[in-house]
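Participant: Dropping a prediction and its sequence here:
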Amino acid sequence: MQDVVAQLVDLVSQMGWSGVFVALISVSITTVSNLAMKRFSDIRRLRRYQAEIKQYQEDMKRAQQTQNEKLLRKVKRRKAYIDRIQKEMMGARCKPSLFFIIPFMLIFSLLSGFYAGRFVAVLPFDVGKALPFLVGFIGDHVPGGFGLYFYAFYFLVGLGLGQIIQRVQGVSLT
């Protein structure tokens, strides 16, 4: 059993497999978080609120552009209601996070310690040439591209796939 664990740890510490492993962890955490959101929140109500907020913002923009007094009064009357539902939406979206934040932080800190100072993935282009201030912060020059540290690759995968996973799971409000 220890040999299997040692081989697995050795495998996920190698360049290439480490990127796949970190991507799987990021996607898994995003999936669990979205499932919790779906389970503990009323998605239909949140979507309805989002539509009302969008309509309010469009009305506000139109009222400011046209300086229509009647529309400005209407928008000002709705402001308190919109503020209340925005606050309610924020609470509803944050509630599931409270259950999972400690395990996620634990996983993240364990992985960041495991991959400290090591590259987990290589971008096929050199980001450091275009944005030299990122060198050392998110990664460094390597042969064939730009090596990314754990934090940078984790967030790149999370940002890149997070919205897609939300749409697939039906928890995206946009």
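Facilitator: Cool, got the structure.

Participant: Where does Ala6 sit, in terms of helix or strand?
Facilitator: Assessed by DSSP states H and E, Ala6 sits inside helix 2-13.

Participant: so what secondary structure elements neighbour that helix?
Facilitator: helix 17-40 (3 or more CB pairs under 8 Å, 6 or more residues apart in numbering; DSSP states H and E). Yep, even glycine has a C-beta here, placed from its N, CA and C like the rest.

Participant: before we move on, the earlier item: okay, the angle between the helix holding Ala6 and helix 17-40?
Facilitator: In terms of direction (axes from the mean of the first three to the mean of the last three CA atoms, to 10 degrees), helix 2-13 departs from helix 17-40 by 90 degrees.

Participant: Walking through the chain, point out its strands one by one.
Facilitator: In the chain, the strands defined using DSSP state E lie at 119-123, 139-142, 145-149.

Participant: Which of those comes out lowest on mean pLDDT?
Facilitator: The minimum mean pLDDT among those belongs to strand 139-142 (a mean of 81).

Participant: Give me the distance from that strand to the chain's centre.
Facilitator: Taking CA atoms, centre = their mean, to the nearest Å, one finds strand 139-142 lying 24 Å from the centre of the chain it belongs to.

Participant: How far off centre is stretch 100-117?
Facilitator: Worked out by CA atoms, centre = their mean, stretch 100-117 lies 16 Å from the chain centre.

Participant: Can you tell me what sits against that stretch?
Facilitator: 13, 18, 22, 25, 29, 32-33, 36, 149-151, 154 (CB atoms under 8 Å, 6 or more residues apart in numbering).

Participant: Just the buried subset of these, written out for PyMOL, thanks.
Facilitator: Restricted to buried positions by 16 or more other CB atoms under 10 Å, the PyMOL selection for these reads:
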select buried, resi 18+22+25+29+33+36+149+150+151+154
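
Participant: In CSV, list the contacts of stretch 100-117 along with distance to Gln50.
Facilitator: Shown next, in CSV, are those (distance: CB to CB, whole Å):
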residue, distance to Gln50
Ser13, 42
Ser18, 38
Val22, 31
Ile25, 29
Ile29, 24
Val32, 23
Ser33, 19
Ala36, 19
Tyr149, 35
Phe150, 33
Tyr151, 31
Tyr154, 28
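
Participant: from the contacts of stretch 100-117, which two are the most distant?
Facilitator: The most widely separated members of the contacts of stretch 100-117 are Ser13 and Ala36, with 29.9 Å between them, by CB to CB.

Participant: which strand residues sit across from Phe146 in the sheet?
Facilitator: Judged by DSSP bridges, the bridge partners of Phe146 are Leu123, His141.

Participant: could you list every residue that touches it?
Facilitator: 122-123, 125-128, 139-140.
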